[in-house]
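Q: structure of the sequence below:
(one chain, ligands or ions: 1)
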Amino acid sequence: MEYKDLASFDKNELQELILQLGEKKFRAAQVYEWIHKKNVDSYDEMSNISAKLKGELEKKYYVNSIKILEKYESKLDGTCKYLMKLHDGNIIESVLMRYNHGNSVCISSQVGCRMGCKFCASTLDGLVRGLEPAEMVGQIYKIQKDCGERISNVVVMGSGEPLDNYDVLIKFIKILTDENGLNISQRNITVSTCGIVPMMRRLADEKLSITLAVSLHSPTDEMRRQIMPIANKYSINEILDACRYYFDVTGRRISFEYSLIKDNNDTKECAIKLCELLKGMNCHVNLIPINPVKERNFKRSERTYVLNFKNMLEKNSINVTIRREMGADINAACGQLRKSYMQEHDA
Ligand code: SAH
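A: Numbers count the residues shown, from 1 in each chain. Alright, predicted model coming up:
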């Protein structure tokens, strides 16, 4: 049997495993708490578990095997970017953002990505593999321990396409929201997708109270196809239909991400078209002035264009915010930190 991380087991699976080892049911609850509530990194710390059981588990399973490799802290706003190392040597990145309403962590869902968005650094070398549930919750556990403060919000907006790692995503949400773990509210979890329509509908049918964020980035299919290959598969109309379905089933307002690129999607015409598309929809638009990736030639929109774009949406009664730039002094767009680390270390 392959060596696996025990943190990937949900409560029922862990119980089954512990029963199979000839132990009592309550031991499973204890082990679960050590891993998911107390976030231990080793069996040694599980003080009320017998050496025999720990020995059995240790033969086949890691505990919270993900490790913090490097940490960069912003002097401006306390934002921390972390590089984390997985048991097989792969590297991912996660970010801690400190807001007035609480601490939020942005996590990765895959090592690399195969969606191919032209402006994104995560996808430059393609997909390596999807993360395991343990590696998704592990990013949050490690950051919570490192900063010593409670994490109340989680956004799955780091590297990777979460709906391309669907079963793991669902299990991750189950573990993260479990009352015997970190007990994070579903309402405080956001999952961002580039718009894989059938999976958006499937997610709706899970009837969770999480927020779905959709990366739109263009008001027409033609423009979208230039920067997002997924647009060759699904049209904006199909995406918006799936969004309406998501809202109907879950009652959760959709959040649209729109990254503003100079001389591309930031004009008045684009803003007007976007208003037409979203008219009457219960949604929120998050404008993201693009983070230029050095391997690509996209430039950030000028401030006046960003403000004009926002004003046009507001005039049309669409909820809109400009994403506040966090940690500008440790600036690294999605996937850039990992990429530069790997280049420096020849990984
Ligand atoms: N795959 C998912 C989630 C990861 S990307 C998705 O596509 O939504 C999270 C968000 O950051 C997406 O909206 C993505 O398009 C955006 N993004 C990626 N690279 C960026 C960059 N260089 N500048 C600004 N936004 C970027």
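
Q: can you give me the strands for the protein?
A: 4-5, 61-62, 67-73, 80-85, 91-99, 102-106, 110-112, 127-130, 151-156, 189-193, 211-215, 254-260, 283-289, 319-322 (DSSP state E).

Q: which of the ones you listed sits closest to Gln226?
A: strand 254-260 (13.2 Å; Cβ to Cβ). (Each C-beta comes from the backbone N, C-alpha and C, glycine too.)

Q: how about the residues of the stretch 101-250 of the chain near the ligand?
A: 115, 117, 119-120, 157, 161, 192-194, 215 (Cβ under 6 Å from any ligand atom).

Q: show the contacting residues for the residue lying closest to Val191 once chain neighbours are set aside.
A: Excluding the flanking residues, the one nearest Val191 by Cβ to Cβ, 6 or more residues apart in numbering is Val156, at 4.6 Å. By Cβ atoms under 8 Å, 6 or more residues apart in numbering, the residues touching Val156 are 106-107, 109, 136, 162, 169, 189-192.

Q: okay, domains of this structure per the record?
A: Domain assignment of the chain by automatic domain parsing yields the ranges 4-62, 79-346.

Q: save those as CSV, and put in mean pLDDT and distance to Glu70 too.
A: Below are the domains of the chain laid out as CSV (pLDDT from 0 to 100; distance: least, Cβ to Cβ, whole Å):
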stretch, mean pLDDT, distance to Glu70
domain 4-62, 97, 17
domain 79-346, 94, 4
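
Q: can you say which of those is nearest to Leu69?
A: With Cβ to Cβ as the yardstick, what comes closest out of the domains of the chain is domain 79-346 (4.5 Å).

Q: now the closest one, how far from the centre of its chain.
A: 6 Å (Cα atoms, centre = their mean, to the nearest Å).

Q: in stretch 82-93, which residues are buried?
A: For stretch 82-93, burial by neighbour count (16 or more other Cβ atoms under 10 Å) applies to 82-84, 86, 90-93.

Q: would you check which pair of these lies furthest apart?
A: Farthest pair in the buried residues of stretch 82-93, by Cβ to Cβ: Tyr82 and Asn90, 14.3 Å.

Q: endpoints of stretch 326-338, how far apart?
A: 18 Å (Cα to Cα, to the nearest Å).

Q: equivalent analysis for stretch 256-267, please.
A: 18 Å.

Q: does it reach the ligand?
A: Yes: under the criterion of Cβ under 6 Å from any ligand atom, the ligand is reached by stretch 256-267 at 257, 259.

Q: please begin residue numbering at 45 from this point
A: From this message on, residue numbering opens at 45, which makes the last subject stretch 300-311.

Q: show me the contact partners of that stretch.
A: 163, 236, 257-263, 267, 270-271, 318, 322, 327-334, 342-346, 349-350, 353.

Q: from the residues you listed, keep the buried residues only.
A: 163, 236, 257-263, 267, 271, 318, 322, 327-334, 342, 344-345, 349-350, 353.

Q: now Lys162. Nearest residue, chain neighbours left out?
A: Ile271 (4.6 Å).

Q: what do you get for Leu318?
A: Nearest one to Leu318, counting by Cβ to Cβ, 6+ apart, is Pro263 at 4.4 Å.

Q: residue contacts, the one you found?
A: 280, 309, 314, 317-318, 320-321.

Q: scan the contacts of Val200 and report the most crowded one.
A: Using other Cβ atoms under 10 Å as the neighbour test, the contacts of Val200 are led by Met180, with 32 neighbours.

Q: isn't that one right next to Ile151, touching?
A: Yes: at 6.0 Å, Met180 counts as touching Ile151 under the criterion of Cβ atoms under 8 Å.

Q: for the stretch 195-344 of the chain, just list every one of the helices.
A: Under the criterion DSSP state H, counting those that start in this stretch, helices of the stretch 195-344 of the chain are mapped to 210-220, 241-249, 265-271, 280-294, 312-322.

Q: packing partners for the longest one?
A: Contact partners of helix 280-294 among helices and strands, from 3 or more Cβ pairs under 8 Å, 6 or more residues apart in numbering; DSSP states H and E: helix 241-249, strand 255-259, strand 298-304, helix 312-322.

Q: next, the buried residues of the longest one.
A: Spelled out, it's helix 312-322. 314-315, 317-319, 321-322.

Q: the ligand: which of these is nearest?
A: Leu318 (14.7 Å; Cβ to the nearest ligand atom).

Q: so what's the closest one up against?
A: 260, 263, 302, 329, 357.

Q: rewinding a little: next, give me the two most distant ones among the residues of the stretch 145-294 of the chain next to the ligand.
A: Taking Cβ to Cβ, the two most distant members of those are Phe163 and Thr237; they sit 16.2 Å apart.

Q: which positions in stretch 62-71 come out as buried?
A: Counting neighbours by 16+ other Cβ under 10 Å, stretch 62-71 gives 62, 67, 71 as buried.

Q: so His131 sits against Asp49, correct?
A: Yes: between His131 and Asp49 there is a contact at 7.2 Å, judged by Cβ under 8 Å.
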